[in-house]
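A.B. asks: Kindly return the folded structure for what I paste below:
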Amino acid sequence: MRLGVLDVGSNSAQLRVVDLIPDLPPETVRVVKHLVRLAEATDRHGVISQIAVDRLVHAVRQAAAAAQGADAEELIAFATSAIRDAPNGGEIIAEIQAATDVTLRFMDGEVEARLTFLAARGWCGWSAGPLLLADIGGGSMELAYGPGRYPEIALSLPLGAARLTRHHLPHQVPVKKKHRRALHDHVHSVVAHAVTELEKRPRPITAVATSKTFAQLARLCGAPKAKKGLHARRILHRDDLDEYIPELARRTDAERAELRGVKSSRAHQILAGAIVAHATMEVLKLNSLTICPWAIREGVMLHRLENQPVPPEPMASPAKRFVSAVGRSPLRTEPDQHPPRHLQAVPAKGPV
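C.D. replies: Numbers count the residues shown, from 1 in each chain. Coordinates of the predicted model:
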């Protein structure tokens, strides 16, 4: 089947249209990415500005048109913590629905962790053994652990890079050591409290990280460029972060964007991301993390492939149907059961 997956995050809205074939990795047909910059348009109370909402509406409209243009049979559209945690999140969803006929659903944090783990397991395979996953987003950080296809432990913590930049770091540069230490201690405390159950489990054989934040930090610290391909081995070492955190703290956003691997759209929050990564690795006693190129979108694709829903009613548009990720309950982890389907088919309203 040909599937479109639209992921609305704190910085961008990205569509990937892929062909899903059993026993093969998703084959990309088309990628469309729009910067929506929700994080920088969010005030200290979490409210997203109307200017950013307008950007998002445009991005969703363009993504839906691109999915139809690529002959996608379904479109799974979901938002993570950037909209999920916003006080005006419900109003944003309603505005998008009215303007585009696309139903954008919230992805629950625990479900997000489970699906990202599924993607990492799909990439790493069974030889990775018990797997530990970390993913730093704009609003939250997900951690997951387990020996199976789905994790035994899945956590979502309010430790996203954009959120912590907004609430814990001053606007002035350089960012003083006392502010960096205070944020480090905060992250250390939250993670240490959350992973008490994880500490009772066997040590992971493989520890991986997903997300743009981790990927850019790894590149900053010397990992291969993106043009080297998905299979190039990229590792983030905790000791390297010790070196680069003071460097990031000394620089303005524009100066950070001049550093290797740091994109201008994420320069504002990369310092917080680096501190979260370092503190988390410290708590988990990890000297390094291997960067996994598959993340939440690939997890949604794999989950969709193994959980084919009942076909919907006939539609006005003969060749298209659209579905939305709803994540109403945590995915089950029993080895003899598939996780319950979290995709809800809805009729398309016709051409966008």
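A.B. asks: pLDDT on stretch 79-93, on average?
C.D. replies: Averaged across stretch 79-93, pLDDT comes to 92.
A.B. asks: ditto for stretch 181-197
C.D. replies: pLDDT averaged over stretch 181-197 gives 97.
A.B. asks: Same check on stretch 268-284?
C.D. replies: 98.
A.B. asks: Buried ones in it, by neighbour count?
C.D. replies: 268-284 (16 or more other Cβ atoms under 10 Å). C-beta: built from backbone N, CA, C; applies to glycine.
A.B. asks: Also stretch 180-198?
C.D. replies: Arg180, Leu183, His184, His186, Val187, His188, Val190, Val191, Ala194, Val195, Leu198.
A.B. asks: and the closest residue to the fourth one other than its chain neighbours, what does it touch?
C.D. replies: Put plainly, it is His186. Closest residue to His186 apart from its sequence neighbours, by Cβ to Cβ, 6 or more residues apart in numbering: His168 at 6.6 Å. Contacts for His168 (Cβ atoms under 8 Å, 6 or more residues apart in numbering) come out as His179, Ala182, Leu183, His186, Ala272.
A.B. asks: Torsion angles phi and psi at the first one?
C.D. replies: Right, the one you point to is His179. Main-chain dihedrals, His179, degrees, to the nearest 10: phi -70, psi -40.
A.B. asks: gap between it and His186?
C.D. replies: 11 Å (Cβ to Cβ, to the nearest Å).
A.B. asks: What of the last one?
C.D. replies: Distance, Ala272 to His186, using Cβ to Cβ: 11 Å.
A.B. asks: what's the answer for Gly261, then?
C.D. replies: 26 Å.
A.B. asks: quick one on the thing from earlier: pull the most distant pair out of the contacts of His168.
C.D. replies: Spanning the widest gap among those are Ala182 and Ala272, at 11.8 Å by Cβ to Cβ.
A.B. asks: average model confidence for stretch 9-21?
C.D. replies: 94.
A.B. asks: Could you list the buried residues of that stretch?
C.D. replies: Those would be Gly9, Ser10, Asn11, Ser12, Ala13, Gln14, Leu15, Arg16, Val17, Val18, Leu20, for stretch 9-21 by 16+ other Cβ under 10 Å.
A.B. asks: Identify each buried residue in the longest helix along the chain, please.
C.D. replies: In the chain, assigned by DSSP state H, the helix with the most residues is helix 50-69. Within helix 50-69, the residues that qualify as buried by neighbour count (16+ other Cβ under 10 Å) are 52-53, 55-57, 59-64, 66-68.
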